[in-house]
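predicted model follows, preceded by the sequence.
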Amino acid sequence: MNKIVKVALAAMIMLGMSSVTLSADVSKGQKLYLKKLKKACGMNGAKMAAKHSQYEWETLKNEGKLVDEIKKVCPKASDSALKEKYLEHYYDFFHEYANDSGNVPSC
């Protein structure tokens, strides 16, 4: 019985650690924005993130309209900059530095 508990606990810890590494990242979103979208948008990350509140960014993400909104604000953004694998990171960046967050990015 003791071995089963130890194995289960170890499995839970490993699962918890792997989910953290797979989640999106604010700093990665900032780096991606600087590399892939800043020139196309013509504004720094602070201005882009401040286009909406945290609730509005969350709503856009949940409704699947994040790409549409980015294209609306940044019509020159290429499709390669808006790949699905980047969206979680963009969202985390925009949400963290939204106009009602009180945070200011360093880009």
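Perfect, thanks for sending it.

contacting residues around A49?
A49 sits next to W57, F93, F94, H95, E96, Y97, A98, N99, P105 when contact means Cβ atoms under 8 Å, 6 or more residues apart in numbering. Quick note: C-beta positions are derived from backbone N, CA and C, even for glycine.

ok, and the closest non-adjacent residue to it?
Leaving out its chain neighbours, the residue that sits closest to A49 by Cβ to Cβ, 6 or more residues apart in numbering is Y97, at 3.7 Å.

tell me how many other residues crowd that neighbour.
Y97: 25 surrounding residues under other Cβ atoms under 10 Å.

just list the residues touching it, thanks.
G45, A46, A49, A50, N103, V104, P105.

I70 now?
L37, A77, L82, Y90 are the contacts of I70 under Cβ under 8 Å, 6+ apart.

wait, the first one sits on S78?
Meaning L37. No: counting by Cβ atoms under 8 Å, L37 stays clear of S78, with 9.1 Å between them.

compare those two (neighbour count), which wins?
The residue with more neighbours, out of L37 and S78, is L37; 24 against 11, by other Cβ under 10 Å.

SS state for the more buried one?
For L37, the assignment made with DSSP: H, G, I helix; E, B strand; the rest coil gives helix.

would you mind measuring from it to N99?
For L37, the distance to N99 equals 18 Å [Cβ to Cβ, to the nearest Å].

by mean pLDDT, which helix or strand of the protein comes out lowest?
Across the helices and strands of the chain, mean pLDDT, DSSP states H and E gives its lowest value to helix 2-22, namely a mean of 62.

would you tell me what the next helix or strand after it is?
Once the chain leaves helix 2-22, the next helix or strand it forms, by DSSP states H and E, is helix 26-32.

and that following helix, what does it pack against?
With contacts defined as 3 or more Cβ pairs under 8 Å, 6 or more residues apart in numbering; DSSP states H and E, helix 26-32 has these neighbours: helix 84-96.

can you pull out the low-pLDDT segments for this structure?
For the chain, the stretches flagged by pLDDT under 70 are 1, 5, 7-11, 14-24, 107.
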